[in-house]
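Engineer: Following is a predicted model, sequence given first.
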Amino acid sequence: MHIPENYLSPVSCAVMGAAMIPVWVHAVKKTNRELPKEKLPLLGAGAAFSFLAMMFNVPLVGGTTGHAVGGTLIALLFGPNAACIAVSVALLLQALIFGDGGVLAFGANCFNMAFVLPFVGYGVYKLILGKQDTISPQKSGARPYVAAFIGSYIGLNVAALCCAVEFGIQPMLFRDAAGNALYCPYDLSVSIPAMMIPHLAVAGFVEAVFTVAVFALVRKTAPDLSYERMRTDAPETGKKKRYIPVFALIAVLIAVCPLGLLATGTAWGEWGADEIAEIVTDGKALGYTPSGLESGWSMDVPMPDYAMEGMNETLAYILSAVIGVALLIIIFKLISIPMKGRRNPS
Amino acid sequence: MIPGWMKQTEQYAPPKDGGAFALRTLRSLGGVLARLRVQRGRDGLNIPPVLKLLLLLAGIVTLSLARNRLLLLGIAALVLGWVCMLPPRTVLNVLRPALGAAILALALFLPAMLLRPAGAGNNLILVGKVFLSVAMVSLFHQRTQWNRITGALRTLHIPGVFVFLLDLTLKYIVLLGGLIVDLLTARSLRAVGRDRHKYRSVGGVMGLTFLRASELSRETWEAMSCRGFTDDYKGL
C-alpha cells in the first residue's frame, strides 16, 4: 500500500501533505496530554510492530503482494492519535532509509495508513463495543477481540480504498499531449478492483489476525497497556509491569521476517519505472512508461528494498528489521525526554 | 543614632562587566573537568568490563577494516539494538557525541562529495563508520565506571605503572578542575562592578593551581611511602 515516488503528481502530493499537517498537530497535542511520559518508549515498540508488520509481504490473488499495517493495533493500545504518530514515524523511516514508499508521497501514505486506518479501525471497534466495560478481561469475554478483528479488517480496507482512489484519479487529471498518463496510468475502474479484491480477500484478514493475536497477548501479559485504561484513569493493576513478552514477540517477529521475502511479486502500484511498461491489465500490457515516472525526481536511499547490492537477501532483511526497530525505539525514547508528562486528573 | 549616609537609598547598580575571555574559558574548562567526578555508568548487563573493553576494541578494528557492507550493517544493527535498550537519558548521552562526530565528518566530506558525486557512496560509508565508532566508545563510556575501566586494563596485563599514572592523572584532573572553579567563583563574588585588572587573576589562578598540584603530589608520595607501596598496582 506504499505509494512510490512519482506515481502521484506533485500537486496531489502537496495536497495530501497539507491535509496531514493539521492531523499531525492535533495528534501530537492530544498524545502529549493523554499519554504518560513513561509509556512513550513503549509507543516506540508499537511503531516497531507496525514496521515489522509491513515487512511481512503476503502473496495476494493476481500475482501481487500486500502486507498488514498494524495501525488499528497501536490505536487499541495507545489511542488513535498516538497510532497516527507511530505509523507516521515508521513510514518516514521506510521512506528515507529503505525506499519503501516515496518521500514526496509521504503525505499521501501517511493519510492512508497513519490517519484513515487507525481512526477508522478504532472507530469501528468502539462502535461495536458500545459502552461495554472492556477494562477487565474477565467481564468482557471475547467481545473485544471480535470488535478488534472487524475494526482492523475494515480499517485496512478503507485505507486501501483511499489509496486506490488516489491512484485512480491521477490519469483523469494528468495526461500528456498524446493522451498517455503522466503518472499512475490506471483509472478508478482498474485501480479500485486491483487494490480492493486482494485486500478484501487476503490482506484484511492478515491484518485482523495479526491485530487480534498481538492484542490478546498484550491484554494477558501487560494489561496496563490499553487506551481505555489510560483514558479512564483506571488504577494500575498492581501487577508487576512485565513488558518482556512484548519485546520477546518483537524479537521473534524480527527472526521470522524473511518469510516476507517468499512473496516475490511486486505489490500493485509499487512497480519500478523499469517494470511498469510490461504490466498486463485486462490482457494487454501498458506498453509505455509514463513520462512522470521516467523523469521524475527520486532520492537515493541507503538501503533500497531493505537490502544492498551483492548481499545475502535474507540476512540483509533481518538486519534491516533490527535497525528499523532499534531506530524507532530510540526515536521515541528521545522524544520522551522533553515531554512534560501527563496532565493531573485533579 | 543612625548616621545620615545610612538613611539614604542607594542607587548603585554595578556597571556591566564584560568578563575576560580567558577567565570564562578557564571557568568552563574547570567546570567540565570537575564534572568528571560524577560517576556515571551503571553496569546494566553485568558484563565484565574486560570483556566489554575487548568487545569495543574488536568492534572498532572490525569496523575500520570492514569493506563488506553486510558486516557494516551487522555492526550497525548490533550497536543500535544495544543502544535502544538503554534508558532515554542514556540514549541521548550516547548518541549526542556520535551524531556530532558524524556531522563533522559529513561537513569534511561535503566538498569531496560535491566535486565527485560518484564517490559519495563510499564517503557516506565512512561517515557511517565514524558514527558507529564514536557511538561504541560512548556506549562503553556511559555504561562502565571509570575505576572498572582501569581495572580492566590491569587485567589485560597493561603494566601497572601506566594504569597507576592514568588513575592518578584522572583523580588530579577532577581535583584541580574543582579547584579552578572554586577560585574563579571566589574571585567573581568579590569583584563587584567593573574590574580592570582581570588578566592579573589568570596568572594567579594558574599559579595557585600549580602550587596545589605539587603539594598534592608530595602528599601522595608521602602517603604511599608510609603505606609501603611496592610498585605493584592492581587498580582502584
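Structural biologist: Cool, the structure landed.

Engineer: who touches the host helix or strand of residue B:123?
Structural biologist: Here residue B:123, judged by DSSP states H and E, is contained in helix B:120-143. Under the criterion CB atoms under 8 Å, 6 or more residues apart in numbering or on different chains, residues A:302, B:40-44, B:52-53, B:56, B:59-60, B:63-64, B:69, B:72, B:75-76, B:79, B:82-83, B:86, B:90, B:93-95, B:97-99, B:101-102, B:105-106, B:109, B:112-113 lie in contact with helix B:120-143. Every residue, glycine included, has its C-beta placed from N, CA and C.

Engineer: Tell me how confident the model is about whichever helix or strand comes after it, as a mean pLDDT.
Structural biologist: Tracing the chain C-terminally past helix B:120-143 and defining elements by DSSP H and E, one meets helix B:146-155 next. Within the predicted structure, the mean pLDDT of helix B:146-155 is 78.

Engineer: moving C-terminal of the helix or strand bottoming out on mean pLDDT in chain B, what's the next helix or strand?
Structural biologist: The helix or strand with the lowest mean pLDDT-type score in chain B, counting by mean pLDDT, DSSP states H and E, is helix B:21-35 (a mean of 70). The first helix or strand that comes after helix B:21-35 along the chain, using DSSP H and E, is helix B:49-65.

Engineer: quick one: buried residues of that next one?
Structural biologist: Of all the residues in helix B:49-65, those buried under the rule 16 or more other CB atoms under 10 Å in any protein chain shown are B:49-50, B:52-53, B:56, B:59-60, B:63.

Engineer: And for stretch A:58-76?
Structural biologist: A:58, A:60, A:64-76.

Engineer: Quick check, pLDDT for the most centrally placed residue in chain A.
Structural biologist: Centroid-nearest residue in chain A: residue A:69, 3.7 Å away (criterion: CA atoms, centre = their mean). On the pLDDT scale, residue A:69 is placed at 85.

Engineer: interface residues of chain B facing chain A?
Structural biologist: Remark: the part of chain B in contact with chain A comprises B:69-70, B:73-74, B:76-77, B:80-81, B:83-84, B:87-89, B:91-92, B:95, B:124, using CB under 8 Å from any CB of the partner chain.

Engineer: Check which residues of the biggest helix by length in chain B are buried.
Structural biologist: Among the elements of chain B assigned as helix by DSSP state H, the one spanning the most residues is helix B:160-190. Of the residues in helix B:160-190, those scored as buried under the neighbour-count criterion (16+ other CB under 10 Å) are B:163-164, B:166-167, B:170-172, B:174-181, B:183-184, B:187.

Engineer: Tell me what angle the helix or strand following it forms with helix B:160-190.
Structural biologist: Using DSSP H and E, the helix or strand that follows helix B:160-190 towards the C-terminus is helix B:198-226. Using axes from the mean of the first three to the mean of the last three CA atoms, to 10 degrees, the interaxial angle of helix B:198-226 with respect to helix B:160-190 works out to 140 degrees.

Engineer: which other helices and strands contact helix B:198-226?
Structural biologist: Secondary-structure packing of helix B:198-226 (3 or more CB pairs under 8 Å, 6 or more residues apart in numbering or on different chains; DSSP states H and E): helix B:21-35, helix B:160-190.

Engineer: which non-adjacent residue is nearest residue A:335?
Structural biologist: When the adjacent residues along the chain are set aside, residue A:335 lies closest to residue A:40, with 6.2 Å between them (CB to CB, 6 or more residues apart in numbering or on different chains).

Engineer: List every C-alpha atom in the helix or strand harbouring that neighbour, with coordinates, as PDB.
Structural biologist: Under the criterion DSSP H and E, the helix or strand holding residue A:40 is helix A:40-55. Taking C-alpha atoms only, helix A:40-55 is exported to PDB below (Å, rounded to 0.1, in the frame of the first residue of the first chain):
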ATOM      1  CA  LEU A  40       6.300   6.800  25.200                       C
ATOM      2  CA  PRO A  41       9.200   4.400  24.700                       C
ATOM      3  CA  LEU A  42       6.500   1.600  24.500                       C
ATOM      4  CA  LEU A  43       4.800   3.600  21.800                       C
ATOM      5  CA  GLY A  44       8.200   3.100  20.000                       C
ATOM      6  CA  ALA A  45       7.600  -0.600  20.500                       C
ATOM      7  CA  GLY A  46       4.200  -0.200  18.900                       C
ATOM      8  CA  ALA A  47       5.700   1.600  15.900                       C
ATOM      9  CA  ALA A  48       8.200  -1.300  15.700                       C
ATOM     10  CA  PHE A  49       5.300  -3.700  15.500                       C
ATOM     11  CA  SER A  50       3.800  -1.700  12.600                       C
ATOM     12  CA  PHE A  51       7.200  -1.500  10.900                       C
ATOM     13  CA  LEU A  52       7.600  -5.300  11.200                       C
ATOM     14  CA  ALA A  53       4.100  -6.000  10.100                       C
ATOM     15  CA  MET A  54       4.800  -4.000   6.900                       C
ATOM     16  CA  MET A  55       7.800  -6.200   6.200                       C
END
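
Engineer: need the next SSE after that helix, C-terminal direction.
Structural biologist: From helix A:40-55 onward toward the C-terminus, using DSSP H and E, the following helix or strand is strand A:58-59.

Engineer: What pairs with that following strand, parallel or antiparallel?
Structural biologist: Partner strands for strand A:58-59, per DSSP bridges, with pairing direction: strand A:65-66 (antiparallel).

Engineer: any idea which helix or strand carries the residue of chain B positioned farthest from its centre?
Structural biologist: Relative to the centre of chain B, and counting by CA atoms, centre = their mean, the farthest-placed residue is residue B:1 at 58.2 Å. Element membership for residue B:1, per DSSP H and E: none, as it lies in no helix or strand.

Engineer: Distance check, it against residue B:8.
Structural biologist: Distance, residue B:1 to residue B:8, using CB to CB, to the nearest Å: 16 Å.
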